[in-house]
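**Q** task: produce atomic coordinates for the following.
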Amino acid sequence: MDWMKENLNKLIATVALVSTISGFGYAGAELMGRLKAVETKVSAISSTKNSVVEMEKRFEGIEVKIINLKEGLDKLDNKSIIIDLAKLKTEVEGLKKKSGNPLVQ
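**A** Numbering: from 1, shown residues only. Next up is the predicted model:
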């Protein structure tokens, strides 16, 4: 009877130890899953921050281009536009006189 009692105590202790270790393993696996989820969220946030920085740089470039276009428009005067329109008008009239059919060359 003592032999059975000792072995039963050993068996209970072993089962308790195994169940404790497996419980820690399950908890550890669950913790690793949570850590991976947090890491993916953090990486998404950092990539979003990088994207925002890139977008800000692009907007700065667009602003510079707009400023340059405005300066270019300010430099244009009406005389140069009128001269260019007159040149185009004469070219169009010359093309009309050349042929009534645009497919004939």
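**Q** output the contacting helices and strands for the longest helix seen in the chain.
**A** Determined from DSSP state H, the single longest helix within the chain is helix 2-75. The contact analysis (3 or more C-beta pairs under 8 Å, 6 or more residues apart in numbering; DSSP states H and E) places helix 2-75 against no helix or strand. (Each C-beta comes from the backbone N, C-alpha and C, glycine too.)
**Q** what separates it from the chain centre, distance-wise?
**A** 18 Å (C-alpha atoms, centre = their mean, to the nearest Å).
**Q** kindly report the same for stretch 72-82.
**A** 41 Å.
**Q** what's the span of that stretch, first residue to last?
**A** Using C-alpha to C-alpha, to the nearest Å, the end-to-end distance of stretch 72-82 comes to 17 Å.
**Q** after the longest helix of the chain, next one along is what?
**A** Sequence order places helix 78-98 as the next helix or strand after helix 2-75, per DSSP states H and E.
**Q** re the thing from before, the longest helix of the chain - what's its average pLDDT?
**A** In this model, helix 2-75 has a mean pLDDT of 81.
**Q** residue 30 versus residue 65, what's the distance?
**A** 53 Å (C-beta to C-beta, to the nearest Å).
**Q** then residue 47?
**A** Taking C-beta to C-beta, one finds residue 47 at 26 Å from residue 30.
**Q** what's around residue 53, how many residues?
**A** 10 (other C-beta atoms under 10 Å).
**Q** with residue 27 instead?
**A** Neighbour tally, residue 27, other C-beta under 10 Å: 10.
**Q** try residue 94
**A** Neighbour count of residue 94, defined by other C-beta under 10 Å: 9.
**Q** do you know how far it is from residue 52?
**A** Distance from residue 94 to residue 52, by C-beta to C-beta: 55 Å.
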